[in-house]
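S.K.: Output the structure for:
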Amino acid sequence: MRQKLFFTGLIVMFAFSAIAHYTHMDMTLQFAISAIAIVFAAGFLGKATESVAHYAGQRLGGFLNATFGNAAELIIAFFLVKEGLFDMVKASITGSIIGNLLLVLGLSLLAGGLKFKQQHFNQQLAQHNSTLMVLAVIGLFVPAIFVGAEHFTVEKDHFLSLAVAVILILAYVLWLLFSMVTHKQMLEDSEMSADHGEEPAWSKGRSVLMLVVATVMVAFISEWLVHTLDTFTTRFGLSELFVGAFIIAIVGNAAEHSAAVILAMRNKIGAAVEIAIGSSLQIALFVAPVLIIASALMGKTMDIIFTPIELTAIAVSVFIAKSVSGDGQTNWYEGVLLLMVYCILGIAFYLV
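M.R.: Just a heads-up that it's a prediction; the model follows:
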């Protein structure tokens, strides 16, 4: 019954979003309808990914969940790049990283901790993830410091941005090789390997089909949403930084929110942590660099120079997430701490 209501809501909101866009309704109304529609579509994407993950295995499934959970974010950002809204793209990247590390992980630890006194996951995997996040911070800090201090020319700025982008992508690809091939057994989590007798939502073929359909729906709604942002931002006096870092990031991360929290409440905290931190890693080491390369191919390169505010937010998020997840065990209070840091950053970003 619940599933039927969800799919009815998905179809209705997708139809409303299309009607609002093509009949040129009021931009604020378009934004509201598209934002609700993309939450439904992201939830559908998460459900389809979870079903595919049942057949692919939990380790690969966590990667697929993070990948397709980030599909909405990547598609939205691609259209923003196409529109030349580079500041909003960087803000959405920042928001996605801090949203996954603080909001998604925080809600997961809180929800799981309220049901189970203490939860455990693979400590070595957590340490490797933390080290990779530090690498991502270095990759963002170095260009900002050098370009600002040395007053690089535009050509040098773009060359450095593209070089760092390629290096970060290489680091991410090698991490996938390390974690899923050469050291797969060492980083495997026993609770992530078990399916606890759960049945997948659909057959293997239908799961793949649903995954494709969900991705297409997200792509359409994302484009409609992007066209409303300029008017929405101006009308409500919001900065591009706040809209990109919080509104777009929260909407785009809907799939991770639901999947990670549900897994944590099933005592699969390892899978939840993998989704939250793995998604942040994918944004920082793969999505952001790909967007920079894509912008260059479009003829107008987006640099990798983030503002001091964005860099501070990312660094703070990585520091607290690393501190909380480093020992391989969690409780509800650690989730509260992450959410508190997210609220502090949210208020600060709103006031910019």
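S.K.: The nearest residue to residue 210 once chain neighbours are set aside: neighbour count?
M.R.: Excluding its sequence neighbours, the residue lying closest to residue 210 (CB to CB, 6 or more residues apart in numbering) is residue 48, at 4.1 Å. Where C-beta positions appear, they are placed from N, C-alpha and C, glycine not excepted. Residues contacting residue 48 under the criterion other CB atoms under 10 Å number 25.
S.K.: Residue 48: which element?
M.R.: Applying DSSP states H and E as the criterion places residue 48 in helix 27-56.
S.K.: Find the residue ranges of the stretch 51-200 of the chain scoring beneath the pLDDT cut-off.
M.R.: 53, 56-62, 65, 69, 72, 187-200 (pLDDT under 70).
S.K.: what are the ranges of the helices in it?
M.R.: Secondary structure of the stretch 51-200 of the chain (DSSP state H, counting those that start in this stretch): helices at 58-69, 71-82, 86-98, 105-115, 123-150, 154-177, 184-187, 190-193.
S.K.: Pull the distance from the fifth one to the chain's centre.
M.R.: Averaging C-alpha coordinates over helix 123-150 and over its chain gives two centres that are 17 Å apart (CA atoms, centre = their mean, to the nearest Å).
S.K.: Against residue 312, how distant is the residue of the chain most remote from its centre?
M.R.: Computed with CA atoms, centre = their mean, the residue of the chain farthest from its C-alpha average is residue 150, at 32.5 Å. Plainly put, residue 150 is 21 Å away from residue 312 if you go by CB to CB, to the nearest Å.
S.K.: what's in contact with stretch 13-22?
M.R.: 25, 29-30, 33-34, 36-37, 40-41, 217, 220-221, 224, 227 (CB atoms under 8 Å, 6 or more residues apart in numbering).
S.K.: Buried residues of it, list them for me.
M.R.: Along stretch 13-22, these residues count as buried under the neighbour rule (16 or more other CB atoms under 10 Å): 13-14, 16-18, 20-21.
S.K.: What of stretch 208-221?
M.R.: Buried residues in stretch 208-221, defined by neighbour count with 16+ other CB under 10 Å: 210-211, 214-215, 217-221.
S.K.: Need the CA coordinates for it. PDB is fine.
M.R.: Backbone C-alpha positions of stretch 208-221 (Å, rounded to 0.1, in the frame of the first residue of the first chain) are rendered in PDB as follows:
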ATOM      1  CA  VAL A 208      18.100  -2.400 -14.000                       C
ATOM      2  CA  LEU A 209      15.200  -1.100 -16.100                       C
ATOM      3  CA  MET A 210      13.800   0.900 -13.100                       C
ATOM      4  CA  LEU A 211      17.300   2.300 -12.500                       C
ATOM      5  CA  VAL A 212      17.500   3.600 -16.000                       C
ATOM      6  CA  VAL A 213      13.900   5.100 -15.800                       C
ATOM      7  CA  ALA A 214      14.700   6.800 -12.500                       C
ATOM      8  CA  THR A 215      17.900   8.300 -13.800                       C
ATOM      9  CA  VAL A 216      16.000   9.700 -16.900                       C
ATOM     10  CA  MET A 217      13.300  11.200 -14.700                       C
ATOM     11  CA  VAL A 218      15.900  12.800 -12.500                       C
ATOM     12  CA  ALA A 219      17.600  14.300 -15.500                       C
ATOM     13  CA  PHE A 220      14.400  15.900 -16.800                       C
ATOM     14  CA  ILE A 221      13.300  17.300 -13.400                       C
END
